[in-house]
Structures are given as structure tokens and as C-alpha cells.
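# Here is my input; please provide its structure:
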Amino acid sequence: MRKKRAYLIRSFRKWHKRIGLGLLVFFFIMALTGVLLAWKDPLGLKPSTAKAVELTTVEQWTPLDQIVQVAQAHARSKGLDTQIDRVDIRLDKGIAKVLFKRHFTELQIEGLSGEIVSEEVRADHFIERIHDGSIIEFYFSQTDTSKWVYSTLIGLGLIALSLSGFFLWYGPKKMTQ
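Prediction:
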């Protein structure tokens, strides 16, 4: 029984080392980008929201299709892709944030006038894409497969390391009892 436990512990140690070394770079990237994302506001990785007239009802706002047209015309004038990822409405600040799919530009458009009040690059979106693995799709393809493979690989790797690490800690304790 003791020899069998010793063999299992050696096997866990071998697999723990192989998985850890194989995924070390990915764990480091995910950890570093996770810390940067947690601190994105204090580090200034995200533009602050401009102040405009506070609009509390939807009727006061410039129509959404007009906001989209203004954003696309601006992107076109800069030679950038016009495909919009999302429009983030901030009622309490009177601002619509327009984010694009193929670049990291954020336009802030005043809700009342429909005019652009800010144009900035969103570094946090770039870091987020590195963090979740979707940076590969952003630059090389239009499918979500690499994000799923990356996240699954990291998740399963962490589970395997947690379990093998537990048995590396618990196994010797059990053998001495």
C-alpha cells in the first residue's frame, strides 16, 4: 500500500510539473492582464467619461441611429473600419460611448446634441482581448474558437494543477500517519 501511494505521488509530481511548465507563459499572461484589468481605472487604461447635460428620459436623447451615423462618419473620415461593436448609454452623464469591432477607438457622443465630445483609444479593451485569448481572432480570423480553446486550456490546467497540488500536499501527510 505504501509503495502504491509513493508511486501515485511521484506520478502527480510528474504531471504537476509538466502541466505547470507547459502552461506557465499562459498563466503569467492571464495573471498579469487580470491585474491590469482590475486596476484599469487607477492606471488610466480607460478614458474617463466626459460630462454633458444629464438626460433622464429617452425622449431627450438624440436618436440612436443618428448617434451611430455620426460615429460611423467620424470613423470613415479617419480611415478606420466603421463596424460598431456596441453603444454604451450613460443616462446619468448624458453620454453615449461608441465602441468599434475592428479597432480600439472609443467615441463619446453627447446625448442631447449628438456631437462627438471625446475620441480616445481604449487600452483596456486591448488588454481584455489578450486576457481572454480573443486577440487571435481580432488580428487573424473572425471565429471564436481560439478564445474557447485558450480559456478551456487555462481552466482545465488550473483544475489539474489544483488537484495534483492537493495530492502532492496531502499524500505525504497520509503516508506518515
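
# Which residues outside stretch 126-135 are in contact with it?
29-30, 33-34, 36-37, 40, 45, 104, 138, 144, 146-147, 149-151 (C-beta atoms under 8 Å, 6 or more residues apart in numbering). Yep, even glycine has a C-beta here, placed from its N, CA and C like the rest.

# and it, how far out from the chain's middle?
Here the centre of stretch 126-135 is set off from its chain's centre by 5 Å, with C-alpha atoms, centre = their mean, to the nearest Å.

# 105 is where my numbering starts, stick with that
Okay, residue one is now 105; in that scheme the one you just asked about reads as stretch 230-239.

# what mean pLDDT does that stretch have?
In this model, stretch 230-239 has an average pLDDT of 89.

# looking at the protein, which helix or strand is least sure?
In the chain, no helix or strand scores lower on mean pLDDT, DSSP states H and E than helix 239-244, which sits at a mean of 80.

# Quick check: buried residues in that one?
239-240, 242 (16 or more other C-beta atoms under 10 Å).

# May I have the secondary structure class of residue 126?
Here residue 126 is recorded as helix under DSSP: H, G, I helix; E, B strand; the rest coil.

# Kindly provide the distance from it to residue 119.
From residue 126 across to residue 119, the span is 10 Å (C-beta to C-beta, to the nearest Å).

# Compare these two and say which is more crowded by neighbours.
Using other C-beta atoms under 10 Å, the more surrounded residue of residue 126 and residue 119 is residue 119, with 16 against 12.

# Could you pull up the contacting residues of the closest residue to that one other than its chain neighbours?
Distance criterion C-beta to C-beta, 6 or more residues apart in numbering; nearest residue to residue 119, sequence neighbours excluded, is residue 268 at 5.6 Å. By C-beta under 8 Å, 6+ apart, the contact set of residue 268 is 116-117, 119-120, 123.

# Buried only: go through those for me.
Neighbour counting by 16+ other C-beta under 10 Å classes 116, 119-120, 123 among the contacts of residue 268 as buried.

# Switch these over to a markdown table; also include pLDDT and secondary structure.
Below are the buried ones among the contacts of residue 268 laid out as a markdown table (pLDDT from 0 to 100; DSSP: H, G, I helix; E, B strand; the rest coil):
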| residue | pLDDT | secondary structure |
| --- | --- | --- |
| 116 | 81 | helix |
| 119 | 88 | helix |
| 120 | 88 | helix |
| 123 | 90 | helix |
